[in-house]
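**Q** Next come a sequence and a model predicted from it.
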Amino acid sequence: MIEMFKESAQKTKYRKRSAAAALIVLSLLAAGCGSASKIEHAEHAATNGKEAAANEHSGHASDAATNAPGNEAAEDHSEHGGKAEIESSDQADVKLEWRYSPESPKPGEETKIELLVSDAAGEPIEKYDVNHEKLMHLIIVSEDLSAFSHIHPDYIGKGKFEVTTAFPQGGSYKLFADFIPTGSSQKTATSLIKADGKKQAAQPLAADATLTKDIDGVAASLDISSLKSGQEVDLTFTLSDAETKKPITDLQPYLGAIGHVVILSEDLNRYLHVHPKEGNESGPTAEFSTSFPEPGIYKIWGQFQRGDKSFIIPFTVELK
Ligand SMILES: [Cu+2]
């Protein structure tokens, strides 16, 4: 089913290979948005370019200088992950350089990821706002969306964040870093990396026939108010104990909210990080509100916490 990454606190020795740098330039598209959104909590959508800004339902549409399919083609020619991908924008105010060590991690190998944030002039950006208890959120997904990880790089100082993780299998991964430079808007930057090793057969993404499933002793269902793209959609997770069938009422706040939802389009170009509506205390339901920017297949990961352990419930839906 879902393959989780291990977040490791253990630091690996930094190999002094020529650092592969992926330079991502963020634009100012996110500035000033949000007020039009009915969503009570921050929701940010990193999408492919200007469509996000045009989409009033996107909440915080932080343009991520994401890799359009055309750009990913360039990535395919590389034998190594973590190579430089440079994107630019006339409105760039934030740059993010990604460094991977090793550059071509093997499956399961501890990999240090450094994220260096600077302004348009190349000066490190030093101050960040805490957002949902963290200065930076990092989402890592495999190309086929089967593997998902949500981790939090440590802030080292002078614009540098760092985290150590491992990629579960060979193949390409896309990373999404969320952060708010103090005095600026929510930014989302992306990077691609290829893990060495035999790529496992991609698991084709298909919409779930029923929106119920049992995971780790939790029976979860997802109610989605509409499958139409481009309009406000309510997502309601209902959780019960898989064995006793009793509603779960002991959910704990996780990163300052009853739950977190990350949504990605099948092509990895549409990224939504949705926080719940008010009034969700401890279960058994958790309600979220968002809008899917365009038709297609999307994977939704609901992340909750109970008994001091977080767990993830994924669903796949098709929007018309
Ligand atoms: Cu996070």
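**A** Perfect, I can see it now.
**Q** same question for the helix or strand hosting residue 312, mean pLDDT?
**A** Following DSSP states H and E, one finds residue 312 within strand 309-319. Averaging pLDDT along strand 309-319 gives 94.
**Q** other SSEs contacting that strand?
**A** strand 147-151, strand 212-215, strand 218-224, strand 296-306 (3 or more C-beta pairs under 8 Å, 6 or more residues apart in numbering; DSSP states H and E). Where you see a C-beta, it was placed from the backbone N, CA and C, and this is true even at glycine.
**Q** List the strands paired with the second one, with their directions.
**A** Put plainly, it is strand 212-215. Sheet partners assigned to strand 212-215 using DSSP bridges are listed as strand 218-224 (antiparallel).
**Q** hey, C-alpha coordinates of the strand it pairs with in PDB?
**A** This file holds the C-alpha atoms of strand 218-224, laid out as PDB (Å, rounded to 0.1, in the frame of the first residue of the first chain):
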ATOM      1  CA  VAL A 218      -8.300   2.800  11.500                       C
ATOM      2  CA  ALA A 219     -11.400   2.500   9.300                       C
ATOM      3  CA  ALA A 220     -11.600   5.700   7.300                       C
ATOM      4  CA  SER A 221     -14.000   7.100   4.800                       C
ATOM      5  CA  LEU A 222     -13.900  10.200   2.700                       C
ATOM      6  CA  ASP A 223     -17.000  12.100   1.700                       C
ATOM      7  CA  ILE A 224     -16.400  14.500  -1.100                       C
END
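**Q** what's in contact with it?
**A** The contact list for strand 218-224 (C-beta atoms under 8 Å, 6 or more residues apart in numbering) reads 211-214, 233-242, 245, 248, 300, 302, 306, 311, 313, 315, 317.
**Q** And it, what's buried?
**A** Across strand 218-224, burial judged by 16 or more other C-beta atoms under 10 Å covers 218-222.
**Q** low-scoring stretches of this protein, by residue?
**A** Along the chain, segments meeting pLDDT under 70 span 1-92, 279-280.
**Q** so what are the domain limits for it?
**A** 3-27+63-195, 212-319 (automatic domain parsing).
**Q** what about stretch 292-301, how long is it end to end?
**A** 14 Å (C-alpha to C-alpha, to the nearest Å).
**Q** Buried among the contacts of strand 218-224? Make that a ChimeraX selection.
**A** Buried residues among the contacts of strand 218-224 (16+ other C-beta under 10 Å), as a ChimeraX selection:
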select :211,213,233,235,236,237,238,239,240,248,300,302,306,311,313,315,317
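**Q** one step back: do you know which of the helices and strands packed on strand 309-319 lies nearest residue 100?
**A** strand 147-151 (14.3 Å; C-beta to C-beta).
**Q** For the helix or strand that that closest one is followed by, buried residues please.
**A** Where DSSP H and E defines the elements, the next helix or strand beyond strand 147-151 is strand 154-157. For strand 154-157, a neighbour-count test (16+ other C-beta under 10 Å) marks residue 155 as buried.
**Q** Just after strand 154-157, pick out the following helix or strand.
**A** Next along from strand 154-157, by DSSP H and E: strand 160-166.
**Q** Could the C-alpha coordinates of that following strand be exported in PDB?
**A** Listed next in PDB are the C-alpha coordinates belonging to strand 160-166 (Å, rounded to 0.1, in the frame of the first residue of the first chain):
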ATOM      1  CA  LYS A 160      20.000  27.100   5.300                       C
ATOM      2  CA  PHE A 161      17.600  24.200   6.100                       C
ATOM      3  CA  GLU A 162      18.700  20.600   6.400                       C
ATOM      4  CA  VAL A 163      17.100  17.200   6.800                       C
ATOM      5  CA  THR A 164      18.200  13.600   6.300                       C
ATOM      6  CA  THR A 165      15.900  11.100   4.800                       C
ATOM      7  CA  ALA A 166      15.900   8.000   2.600                       C
END
